[in-house]
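Enquirer: Output the structure for:
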Amino acid sequence: MSDSRPDLDFKLSITRALADQLAEALRRCVPTVLTVDALTHLQDRPGVYQLLINDELVYIGKASRSLPSRLAAHARKLSGRQGFEDREVRFVCLYVDEDLEASAPETLLIKRHRTHSAALWNTNGFGNNDPGRRRDTSRVAVNHFDALHPINLDVVVDLLPGPMTAAEALPMLKAALPYLLRFEDPRRNDSAASDYTNASLMIPDARMPARDAIAIVLKALPPRWQATALPGYIILYPENGTEYDSAMFYWRSFGGGVTFAEGPRRLGAAEVPNADKDDGIEKGSEEAL
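Expert: This is a model prediction of the structure:
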């Protein structure tokens, strides 16, 4: 006797349907050049977005609170990186008022596009925050965003000219740079706090290259200080003579002067994205780059 019962198995993928709807809605959007002026036309609402270069999708993200704020952070970061001078970064976005943390629409989109786009920055560290002091000595992977698009030391920063101390100049320079500047915390190091306070300097111009501004600050500090440009950020610590495998550039103080030296720029093995780990999302990167 044959079993004539109909097939009762049915699998409904709501997440896939949602990803398809999001992708189709974003596909209908007209890509816009990522500029501060363009972002003024966006509403201060949560949503999802995509970044494109030459019509190629490179990044998928979300903004839990404000699309323009999140996209402005990306625009600022890219303005201080090499490799974008002659390429326009464009974006498309959608307002999503539902609970973004619960629905994770950017994760659905990443899963949908991962097999079709090898260029996604979601898996190479684009959205990462400060990796912390312990990671400074690690070799940056050859396929990491920082290795592919290192910081531009010639980017011009806007500063307040005039006489000041290093204690005043460092926070101003940190705020002006489009990438991270991390320095010895004076709240945890009394010796550093004293060095900062006693280091008198002069900012001669309102606008200058970042490399020159770092040199001015370092020249005012005692000879034990060193600034190091790593692929993704600059660090400043009392460690004159210290070497870093992936360092691009060193500023080292000596008796009232500053020496400049190229770093070894050694890179590590390529990182293989783990599809089972966070789906390529850099956790905790939402509003700070």
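
Enquirer: Give me the below-cutoff pLDDT ranges for this structure.
Expert: Applying pLDDT under 70 to the chain picks out residues 1-15, 98-103, 105, 114-119, 273-289.

Enquirer: Show me the domain layout of it.
Expert: Annotated domains of the chain cover 14-126, 133-267 [automatic domain parsing].

Enquirer: Quote the end-to-end distance of the longest one.
Expert: Distance between the two ends of domain 133-267: 18 Å, counting by C-alpha to C-alpha, to the nearest Å.

Enquirer: follow-up on the earlier one: now the domains of the chain in a markdown table, with mean neighbour count?
Expert: Just so you know, the C-beta spots here come from the backbone N, C-alpha and C atoms, and that holds for glycine as well. Listed next are the domains of the chain as a markdown table, based on neighbours: other C-beta atoms under 10 Å:
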| stretch | mean neighbour count |
| --- | --- |
| domain 14-126 | 16 |
| domain 133-267 | 17 |
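
Enquirer: pretty sure S64 contacts G47?
Expert: No. In this structure S64 lies outside contact range of G47 using C-beta atoms under 8 Å: 9.3 Å.

Enquirer: Sketch out the strands for the stretch 101-250 of the chain, chain order is fine.
Expert: Counting by DSSP state E, counting those that start in this stretch, the segments of the stretch 101-250 of the chain that form strands are 140-141, 156-158, 162-165, 180-183, 200-203, 207-209, 226-229, 233-237, 249-254.

Enquirer: Which is the succeeding secondary structure element to the last one?
Expert: Read it as strand 249-254. Counting by DSSP states H and E, the next helix or strand C-terminal to strand 249-254 is strand 257-262.

Enquirer: counting contacts, what elements does the helix or strand just after that next one pack onto?
Expert: Where DSSP H and E defines the elements, the next helix or strand beyond strand 257-262 is strand 267-268. Contacts defined by 3 or more C-beta pairs under 8 Å, 6 or more residues apart in numbering; DSSP states H and E place strand 267-268 against strand 140-141.

Enquirer: Quickly run through the sheet partners of the strand it packs on, with directions.
Expert: strand 267-268 (parallel) (DSSP bridges).

Enquirer: what does the partner strand rub up against?
Expert: By C-beta atoms under 8 Å, 6 or more residues apart in numbering, the list of residues contacting strand 267-268 from outside reads S138, R139, V140, A141, V142, A147, S246.

Enquirer: my guess is the fourth one contacts S246, does it?
Expert: No. The pair A141 and S246 fails to qualify as a contact (C-beta under 8 Å) at a distance of 9.5 Å.

Enquirer: Residues in contact with both of the two, list them for me.
Expert: A147, L267, G268.
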